[in-house]
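# With the input below, show me the fold.
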Amino acid sequence: MRIWIGAFALFWAASVTAAATDTSLTLGEILALVLENNPQLQAADFDTRAAAARIRQQSLDTPWQVGLQMENFAGSGAGKDLETGLTLGRVLELGNKSRLRGNVAEQQASLLRHEQDAERLDLLAEAAQRFLVIAQVQARRALAQEQLDTARKTQRAVQRRLHAGKATKAEISRAEIGVARAELVLEETDHLLLTSRTRLGVLWGEFSPAFEHVSSNLFVLPKIPDYAALERLIDNNPVLARLATQERLANARLQVARAQRQPDIDLSAGIRRFSASDDTGLMFSVRVPLGSRGRALSYEDEARALAQREPLLAQNQKLALRATLYSLHQELLHERDRLQMLRARIIPAATRAVEDSGRGYSTGRYSLLELTQAQDALLQARLEALDAAVSYQRTRIQIERLTGAAPHSGVNPGDKP
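As a prediction, the model looks like this:
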């Protein structure tokens, strides 16, 4: 996962600077900008450094301790029987406790890396979704512009018929309403483009991004892999990798709990001076806590229960991911079939109906209502095709996120629904 992200960043590094000032961006350029400049991803680097420091902390042995002991230095006759001792000692941890603690910290660092991988994929998927929103609004704007052109063309046709005495003023009013509504729809898409660009730009730290358009072909549908092939990729999901590391972490904590059975030994040695006789002597002390094994059992039982829980959680999560993947795969198939039906049969038929209604209105065979109904039916079919294409692309992004793959998109603009 991290290898792919690094390779992707290197692949697009040469185009990041130019992309930041270009008026049109591809999905690849946008993902590169997010990887390079997103504050959340930059903050994750410091989390990684902190995790490395924790590994070093937990792997340290117990420190040496220097002690000073003074007895009879106060009270009646103070100083006559003063005894002073200087000691050097440390706690000896048995059972490789420092190594086991370091192993726990290493597994926690691995857990953090998986979480960061998941955050990166979530962020890239979110960037792809926001990219898709802009591409959709751009396509809707193109349709709105065509609808406005059609409404104006219809308005001119009504005016010609009015001059010929074959149309009423009411028809002129209806045509003017159609033009006004088309202008409102076009204006709405312009506002949506502004807000959508801002929502995308903030992902790489720019509130007012310089680009104006995104370059993508929503109607290029990548081939749908078999469900079995996608299912084999489910293990690439960072959630499952995280659960596997969580299981190793639980086992590492179990080893630490078992090591508590062996008591730590407190050793110290030093020199003691007796003021009364001006003599010195060596001193040595050993302290061993009692009952360590019994106290460790409850901690060990807790760690063992948590370790036995992790495989079941992983199994449940994998089943849930498989079910989600299957549902998304079926939705992808449905949207593909819906788009193919719309583009192969419904839109051509609606186009022929508009052409026939236009000729018929010019000759008086059809009314203005019949013409506008045919135009609305064609517009609705094209909007449905756009909706199917966007739904397909959105579902594909979700599948890519689920299987740990990189978002991708076509880069050939200009195709129409």
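
# use CA for all of it now, contacts and neighbours both
Fine.

# Quick one: the helices in the protein, in order.
2-21, 27-37, 39-58, 97-163, 169-201, 227-232, 238-259, 292-341, 347-363, 368-402 (DSSP state H).

# How many residues are close by His213?
Applying other C-alpha atoms under 10 Å, we find 17 residues neighbouring His213.

# Tell me who's in contact with it.
Thr23, Ser24, Leu25, Ile134, Gln138 (C-alpha atoms under 8 Å, 6 or more residues apart in numbering).

# could you redo the last one with a cut-off of 7 Å?
Thr23, Ser24, Leu25 (C-alpha atoms under 7 Å, 6 or more residues apart in numbering).

# For PyMOL, write the select line for the buried members of those.
In PyMOL syntax, the buried subset of the contacts of His213 is picked out as below (16 or more other C-alpha atoms under 10 Å):
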select buried, resi 25
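
# Any chance of the contacts of His213 in a markdown table with distance to Leu369 and pLDDT as columns?
Shown next, in a markdown table, are these (distance: C-alpha to C-alpha, whole Å; pLDDT from 0 to 100):
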| residue | distance to Leu369 | pLDDT |
| --- | --- | --- |
| Thr23 | 41 | 80 |
| Ser24 | 40 | 87 |
| Leu25 | 42 | 90 |
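
# and which of the contacts of His213 is nearest Leu306?
Distances from Leu306 to the contacts of His213, taken as C-alpha to C-alpha, are shortest for Leu25 (48.1 Å).

# Now that closest one: closest residue in space, sequence neighbours ignored.
Using C-alpha to C-alpha, 6 or more residues apart in numbering and skipping residues adjacent in sequence, the residue nearest Leu25 is Val214, 4.8 Å away.

# cool, and Leu402?
Asn237 (5.9 Å).

# now swap in Arg261 and tell me
Closest to Arg261 by C-alpha to C-alpha, 6+ apart is Arg293, at 4.2 Å.

# ok, the contacts of His213 vs Arg359, which is closest?
The closest of the contacts of His213, once distances to Arg359 are taken by C-alpha to C-alpha, is Ser24, at 39.6 Å.

# ok, the closest one - contacts?
With C-alpha under 7 Å, 6+ apart, Ser24 has these contacts: Phe211, Glu212, His213, Val214, Ser215.

# Next up, the contacts around the nearest residue to the second one once chain neighbours are set aside.
The reference is to Glu212. Nearest residue to Glu212 in three dimensions, chain neighbours excluded: Thr23, at 4.9 Å (C-alpha to C-alpha, 6+ apart). By C-alpha under 7 Å, 6+ apart, Thr23 lies in contact with Ala210, Phe211, Glu212, His213.

# I'd like to know how far the last one sits from Ala43.
Meaning His213. 29 Å (C-alpha to C-alpha, to the nearest Å).

# For the spatially closest residue to Gln155 that is not a sequence neighbour, grab the count of nearby residues.
Leaving aside its sequence neighbours, Gln155 sits nearest to Ala175 (C-alpha to C-alpha, 6+ apart; 5.1 Å). If you count neighbours by other C-alpha under 10 Å, Ala175 ends up with 24.

# so the residue nearest to Leu402 touches Ile399, yeah?
No - between Asn237 and Ile399 there is no contact under C-alpha atoms under 7 Å: 10.4 Å.

# helices and strands of this structure: which one has the lowest mean pLDDT?
Lowest on mean pLDDT, DSSP states H and E among the helices and strands of the chain sits helix 2-21, with a mean of 39.

# For Gln96, the count of nearby residues, please.
You called it Gln, but residue 96 is Asn. Around Asn96 there are 15 residues (other C-alpha under 10 Å).

# Angles on the backbone of it, please.
phi 50, psi 40 (degrees, to the nearest 10).

# cool, Gln260 as well?
Dihedral angles (degrees, to the nearest 10) for Gln260: phi -70, psi -10.

# I'd like the distance from the closest residue to it other than its chain neighbours to Glu310, if you could.
Closest residue in space to Gln260, ignoring its immediate chain neighbours: Ala296 at 5.5 Å, by C-alpha to C-alpha, 6+ apart. To Glu310, Ala296 is 22 Å away according to C-alpha to C-alpha.

# Now list the buried members of the contacts of Ser24.
Buried among these by 16+ other C-alpha under 10 Å: His213, Val214, Ser215.

# Turn the residues you listed into TSV, including pLDDT and distance to Ser275.
What follows is these, written out as TSV (pLDDT from 0 to 100; distance: C-alpha to C-alpha, whole Å):
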residue	pLDDT	distance to Ser275
His213	90	90
Val214	92	89
Ser215	90	91
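
# Nearest residue to the middle of this protein?
Geometric centre of the chain, nearest residue: Asp122, 0.8 Å, by C-alpha atoms, centre = their mean.

# From Tyr366, how far off is that residue?
Counting by C-alpha to C-alpha - Asp122 and Tyr366 are separated by 54 Å.

# Quick one: mean pLDDT for stretch 318-336?
The pLDDT scores in stretch 318-336 average 93.

# and what of stretch 364-384?
92.

# do the same with stretch 404-411
60.

# got it, and stretch 343-358?
In this model, stretch 343-358 has a mean pLDDT of 94.

# returning to what we had before: just the contacts of Thr23 now: which is nearest Val390?
His213 (16.8 Å).

# how much space between Ala353 and Asp190?
Distance, Ala353 to Asp190, by C-alpha to C-alpha: 30 Å.

# quick one: contacts for the residue of the chain positioned farthest from its centre?
Distance from the C-alpha centroid of the chain peaks at Ser277, with 76.1 Å (C-alpha atoms, centre = their mean). Contact analysis of Ser277 by C-alpha under 7 Å, 6+ apart lists nothing.

# hang on, the earlier thing: look at the residue nearest to Gln155 and report its pLDDT.
Confidence score, pLDDT, at Ala175: 92.

# same check, this time on the one 4 residues further on
The per-residue pLDDT reported for Val179 equals 95.

# is it true that it touches Ala151?
Yes - with contact defined as C-alpha under 7 Å, Val179 reaches Ala151; the gap is 5.1 Å.

# The residue nearest to the residue nearest to the centre of the chain when sequence neighbours are not counted: neighbouring residues, count only.
Of all residues not flanking Asp122 in the chain, Arg401 sits nearest, at 7.2 Å (C-alpha to C-alpha, 6+ apart). For Arg401, the number of neighbouring residues by other C-alpha under 10 Å comes to 22.

# thought Arg401 was touching Ala125?
Yes - between Arg401 and Ala125 there is a contact at 6.5 Å, judged by C-alpha under 7 Å.
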